[in-house]
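Student: A predicted structure for the sequence below; I have some questions about it.
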Amino acid sequence: MPVPLRRVFAYRLASAPRPEPGARVRVPFGRQSKVGVVVDPSLLAQTDHELKAIEEVLDEHPVLDPHLVEFCRWLASYYHHPLGEVLHAALPTRLRRSEAPAVARLRWYALTEAGRAIDPKSLGRARRQQAVLRVLQDAPLEAAALRATSGAPAAVVQALVERGWIEAVGRPDHAAQPGPPLNDDQRAAVAAITADAGHFHVSLLHGVTGSGKTE
């Protein structure tokens, strides 16, 4: 729970099934009702009536996966901060208010065979349509990313769909792509960083603007 107390709280689980770590529950806390995250199901007793009972189990499945829960535990320990507030910060706003998770329905676009046969230059002054076709020549893109990259509004994208040049597709499985070639200094930096992979380690990457730190 988002309270500035460095401890976890035990509650009575009035009914089965027992929620998994990372699932949200609504519980009484003082005179209020708060959303909490289960971190240790063994603290959910079913027979100890001295404990306050959970008001509602909000999630059938965890909204924070085990790795994220453990990461939040580490953050709380490393920064000496209450675990409840760290878990609260890891939740999107709607989940902090006990609302149900929204299922994202992303739409991706790809060139059709007809679209691949079109030379963007042949579209003349239809610059935004040209931009969409050029962007999709590399790989399918999610709708928002396509609009942001090409600068084309949704109406332009829909017009190309109606012309049969692009189509909505399922989310593609992208194979891992090789990274850009590195210079000697970049290779030395990568070697030093990867040598410490597998455990917590701080690295300082120093270089002037344009020296390739981001790559």
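Tutor: It's in.
Student: At the geometric centre of the protein, which residue sits there?
Tutor: In the chain, the residue lying closest to the centroid (Cα atoms, centre = their mean) is P92, at 9.9 Å.
Student: residues contacting that one?
Tutor: P92 makes contact with no residue under the criterion Cβ atoms under 8 Å, 6 or more residues apart in numbering. For glycine as for every other residue, the C-beta is placed from the backbone atoms N, C-alpha and C.
Student: So it versus S211, what's the distance?
Tutor: P92 sits 36 Å away from S211, going by Cβ to Cβ, to the nearest Å.
Student: what do you get for L68?
Tutor: According to Cβ to Cβ, L68 stands 34 Å off from S211.
Student: Kindly report the same for G84.
Tutor: In terms of Cβ to Cβ, G84 sits 42 Å off from S211.
Student: Between those two, which has more neighbouring residues?
Tutor: The neighbour count for G84 versus S211, taken as other Cβ atoms under 10 Å, is higher for G84 (24 against 13).
Student: element containing that one, please.
Tutor: helix 83-90 (DSSP states H and E).
Student: what ranges do the strands span in this protein?
Tutor: In the chain, the strands defined using DSSP state E lie at 11-12, 24-29, 32-37, 44-45, 56-57, 108-111, 141-142, 166-169.
Student: Each with direction, which strands does the last one pair with?
Tutor: The strands beside strand 166-169 in its sheet (DSSP bridges) come out as strand 108-111 (antiparallel).
Student: so how far is the longest helix that the chain contains from its chain's centroid?
Tutor: Counting residues, the longest helix in the chain under DSSP state H turns out to be helix 66-78. How far helix 66-78 lies from its chain's middle: 16 Å, per Cα atoms, centre = their mean, to the nearest Å.
Student: Can you pull out the residues in contact with the helix holding G84?
Tutor: The contact list for helix 83-90 (Cβ under 8 Å, 6+ apart) reads 1-6, 8, 35-37, 39, 64, 68-69, 72-73, 75-76, 79, 96.
Student: tell me which residues in that helix are buried?
Tutor: In terms of neighbour count (16 or more other Cβ atoms under 10 Å), helix 83-90 has its buried residues at 83-88, 90.
Student: Where does pLDDT dip in the protein?
Tutor: 16, 44-48, 102-105, 171-179, 215 (pLDDT under 70).
Student: count of residues packed around the closest residue to L95 other than its chain neighbours?
Tutor: Spatial nearest neighbour of L95, chain neighbours left out: V63 (5.8 Å); criterion: Cβ to Cβ, 6 or more residues apart in numbering. Neighbour count for V63, taken as other Cβ under 10 Å: 17.
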